[in-house]
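Colleague: I would like the atomic coordinates for the input below:
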Amino acid sequence: MGERTIQEALKLRKLLKYVTEEGPSEDHPHYPKWLVEEEFVFAWMLDSIASEQQAIYSTYGTFKTLWEAIHRSHSKRKDKTKIIDLIVQSYTLKQGDMDVLTYSNKLRDIHNELDHYWPPSTDPVARAHEATNRLCQFLQGLRPEFEMIRGQLYNSEEEPTFDGAISKAMQEESHLNSARGHIESTAYTMKNQSHQKTNLEKVNKEEIIYNYCKKKGHIKEKCWKLHGKPPHITRADLAQQGENSGNDLP
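Modeller: The predicted structure follows:
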């Protein structure tokens, strides 16, 4: 039976005071009634506990101390589950589409919550190992494009700090974004220049090349009206060219 269910049951029976209040002294007029009701609640609680645990909890003197012991045990189980979940999160979190700052803050939040449920060791060696562990979690979660900075930090003679690694990664991110922006800008410029060149050639071909003879299929430098028929062109060539172009000769 869960804590909330037990509390609701006690509240319904108007017995919740045995959880929230201290009992009267033995010389108090209401003490006998309190003792009888408490023994009833104590027995009811034991009956709701698994049989293999009843022997342990039956040693507690009052219902209040019994309830506190059950609550502590339940809280520890909850904390253990939460700790395991946070540890898994810290190892599996990846940067994905997040920028470095957002990713590092999310990982730091997991570490802070883990510290709440599982306080850090006071031993300097253990704390140093944990710091290295968290640094590796951060570096391993970065995208592949940060491989160079990851290698530099792993191979650094001086042990990098978590904050120092974040700073290095953000600098690398800024460099990558700048290089990516330059490449995109260059590609756009080249595409725009190519488009402009194509349009210019089209304009030249339509408005300059053909304006003199008003015919298509040749360029200005080869226009017969301007330069005369080339001497190597024979009548047979002219006839064949006329058939292929619908008699649209230069």
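Colleague: buried set for stretch 24-36?
Modeller: Judged by neighbour count (16 or more other C-beta atoms under 10 Å), stretch 24-36 contains these buried residues: Trp34. Quick note: C-beta positions are derived from backbone N, CA and C, even for glycine.
Colleague: hmm, who's touching whichever strand or helix holds Arg134?
Modeller: When elements are defined using DSSP states H and E, Arg134 is found to belong to helix 124-141. Residues lying outside helix 124-141 but in contact with it, judged by C-beta atoms under 8 Å, 6 or more residues apart in numbering, are 90-91, 93-95, 103-104, 107, 111, 120-121, 150, 153-154, 159-162, 165-166, 169.
Colleague: what's the answer for stretch 13-23, then?
Modeller: Surrounding stretch 13-23, the residues in contact under the criterion C-beta under 8 Å, 6+ apart are 7, 10, 31, 34-35, 37-38, 41, 62-64, 67.
Colleague: same deal with stretch 142-153?
Modeller: Residues outside stretch 142-153 that contact it (C-beta under 8 Å, 6+ apart) are 95-96, 100, 103, 135, 139-140, 160, 165, 168-169, 172-173, 176.
Colleague: 10 Å instead?
Modeller: Defining contact as C-beta atoms under 10 Å, 6 or more residues apart in numbering, one finds that stretch 142-153 is touched by 94-98, 100, 103-104, 135-136, 138-140, 159-160, 164-165, 168-173, 175-176, 180.
Colleague: hmm, which of those residues are the buried ones?
Modeller: Under a neighbour-count criterion of 16+ other C-beta under 10 Å, the subset of the contacts of stretch 142-153 counted as buried comprises 95, 100, 103-104, 135, 138-139, 160, 165, 168-169, 172-173.
Colleague: Now do the domain split for the protein, please.
Modeller: Domain assignment for the chain by automatic domain parsing gives 3-79, 219-250.
Colleague: For the longest one, the averaged confidence score.
Modeller: The reference is to domain 3-79. Domain 3-79 shows a mean pLDDT of 73 in the predicted model.
Colleague: Would you work out how far apart the start and end of stretch 94-104 are?
Modeller: Its start and end residues considered, stretch 94-104 measures 10 Å (C-alpha to C-alpha, to the nearest Å).
Colleague: ranges for the helices of this structure?
Modeller: Counting by DSSP state H, the segments of the chain that form helices are 3-12, 17-20, 31-48, 51-57, 63-92, 100-117, 124-141, 147-154, 162-203, 224-227, 235-244.
Colleague: what are the phi and psi angles of the closest residue to Ala69 other than its chain neighbours?
Modeller: For Ala69, ignoring the flanking residues on the chain, the nearest one in space by C-beta to C-beta, 6 or more residues apart in numbering is Tyr60 at 6.0 Å. Phi and psi for Tyr60, reported as degrees, to the nearest 10, are phi -70, psi 140.
Colleague: Count the residues that sit near Tyr60.
Modeller: The burial count assigned to Tyr60 is 17, neighbours taken as other C-beta atoms under 10 Å.
Colleague: Please apply the same query to the one 5 residues further on.
Modeller: Counted with other C-beta under 10 Å, residues neighbouring Thr65 total 13.
Colleague: Let me see the contact set for it.
Modeller: When contacts are taken as C-beta under 10 Å, 6+ apart, Thr65 is in contact with 42, 57, 59.
Colleague: Can you tell me which of the residues you listed has the most neighbours?
Modeller: By neighbour count, taken as other C-beta under 10 Å, the most surrounded of the contacts of Thr65 turns out to be Phe42 (21 neighbours).
Colleague: distance of it from Ile70?
Modeller: Phe42 sits 12 Å away from Ile70, taking C-beta to C-beta, to the nearest Å as the criterion.
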